[in-house]
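Undergrad: sequence first, then the predicted structure:
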Amino acid sequence: MKTPRHAIHGVLLLDKPLGLTSQNAVWRVRKALGAEKAGHSGTLDPLASGLLPVCLGAATKFAQVNLESDKTYQVGVTLGQTRVGGDLEGEVLSERPVQVTDEQLQDALRGFTGAIQQVPPMHSALKHQGKPLYAYARAGQTVERAARSVVIHRLTLLERDGARLQLEVHCSKGTYVRTLAEDLGEALGCGAHVHALRRLACGPLNLQDAISLDDFEALEVQDRRHRLQSADALVAHWPVVRLAQVEAARFLTGLRRRVNLEDQEAVRVYGPEERAFLGCGHVVAGELIADRLLSPLEVQALVA
């Protein structure tokens, strides 16, 4: 008998375990809730653990916001050895002695702080001529990749045990942490790879508010929904615009509305009820312009 699915709206902050793909984690959450629609806002590889925001129902419309947010990771780096793909899953490519003082390490970390250039790795989902780079890599092919600018807001040494480092990285979207570790190793003259990776934060969302998959599945069915944050959690750091009932109804049709507000690149918009989240937009020259809207049924479900 097919399990019935329900329209469930919200965001589950999941602590994804090692060894599980992000898509499989989403599938298990969706099954546990009996939800019609679910997705995530930023892939974590099976080797990586940590914060995976799982979006349900109306919240899936705002997953891109979190994809474009800054991220924070705790990363374990092993100096002296390079591997295919830049992590423990790949074969060893080279081994070199590690003769790095603490002062040299700190100097190198400072050199990778701020705006830097990164060449995307072959083992990535970035596409070339319609195919992801990892497909070429698996076929033993290498294609030329242009360097991209990313920002490392903070790169902190938490612990050092000989050739093994624990770092915390606060970075912009599009940063390849494995590439950062490899480039750091080359700057130190010994090579490096990532042996552990854990995501601590995505934009305003933090791992400390997350629940493990096992603990979530162990909850009583009626308690699982109580773990969900509201559908607007992914945009909770944006300014609020609240509209009267008539204006809210017109905004939901996509019509521009006149507002007495300064220009804003991004705002979250509500109707007169406290939880009547309508969607997001921006303000230009006194006009509120819709960018992404909920359906009237979705708004009604949030208010109920």
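TA: Ah, there it is. Numbering: from 1, shown residues only.
Undergrad: what about residue 272, which helix or strand?
TA: Under the criterion DSSP states H and E, no helix or strand holds residue 272.
Undergrad: now the residue of the chain most remote from its centre, what's its secondary structure?
TA: Within the chain, residue 246 marks the point farthest from the mean C-alpha position, 36.0 Å out by Cα atoms, centre = their mean. Of the three states, residue 246 takes helix according to DSSP: H, G, I helix; E, B strand; the rest coil.
Undergrad: now do the helices in this protein.
TA: 22-33, 63-67, 102-111, 133-138, 177-187, 213-218, 221-224, 245-252, 296-303 (DSSP state H).
Undergrad: same list, the ones you listed, but as CSV with mean pLDDT please.
TA: Formatted as CSV, the helices of the chain follow (pLDDT from 0 to 100):
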stretch, mean pLDDT
helix 22-33, 95
helix 63-67, 88
helix 102-111, 97
helix 133-138, 65
helix 177-187, 96
helix 213-218, 96
helix 221-224, 91
helix 245-252, 95
helix 296-303, 91
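Undergrad: which one of those is the most hemmed in?
TA: When these are scored by mean count of other Cβ atoms under 10 Å, the highest mean neighbour count falls to helix 177-187 (a mean of 22). In this view, the C-beta of every residue, glycine as well, is placed from N, C-alpha and C.
Undergrad: what residues does that one touch?
TA: 73, 75, 77, 79-80, 82, 85-87, 108-109, 111-112, 118-121, 123, 152, 155, 169, 171, 191-194, 197 (Cβ atoms under 8 Å, 6 or more residues apart in numbering).
Undergrad: write the PyMOL selection for whichever of those are buried.
TA: A single PyMOL command selects the buried members of the contacts of helix 177-187 (16 or more other Cβ atoms under 10 Å):
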select buried, resi 73+75+77+79+80+82+85+86+87+108+109+112+118+120+121+123+152+155+169+171+191+192+193+194+197
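Undergrad: how about the helices of the chain, which one is nearest residue 95?
TA: Closest to residue 95 of the helices of the chain is helix 177-187 (Cβ to Cβ; 11.4 Å).
Undergrad: who's in contact with residue 95?
TA: Residue 95 touches 80, 81, 82, 191, counting by Cβ under 8 Å, 6+ apart.
Undergrad: oh, I was asking about residue 149
TA: 115, 116, 117, 118 are the contacts of residue 149 under Cβ under 8 Å, 6+ apart.
Undergrad: can you do 10 Å?
TA: Residues in contact with residue 149 (Cβ atoms under 10 Å, 6 or more residues apart in numbering) are 115, 116, 117, 118, 172, 174.
Undergrad: residue 35 too?
TA: 5-10, 12, 26, 29, 54, 56-57, 224-225, 228.
Undergrad: buried ones in stretch 226-237, by neighbour count?
TA: Applying 16+ other Cβ under 10 Å to stretch 226-237 flags 227, 228, 229, 231, 232, 233, 234, 235 as buried.
Undergrad: end-to-end on that stretch?
TA: End-to-end distance of stretch 226-237 (Cα to Cα, to the nearest Å): 22 Å.
Undergrad: what pLDDT, on average, does that stretch get?
TA: Taken as a whole, stretch 226-237 has a mean pLDDT of 93.
Undergrad: again with stretch 88-96
TA: According to the model, stretch 88-96 has a mean pLDDT of 93.
Undergrad: gap between the two ends of it?
TA: By Cα to Cα, one end of stretch 88-96 lies 17 Å from the other end.
Undergrad: select the longest strand from this protein.
TA: Longest strand in the chain, counting residues (DSSP state E): strand 148-161.
Undergrad: that one vs helix 177-187, what angle?
TA: If you take axes from the mean of the first three to the mean of the last three Cα atoms, to 10 degrees, strand 148-161 sits at 70 degrees to helix 177-187.
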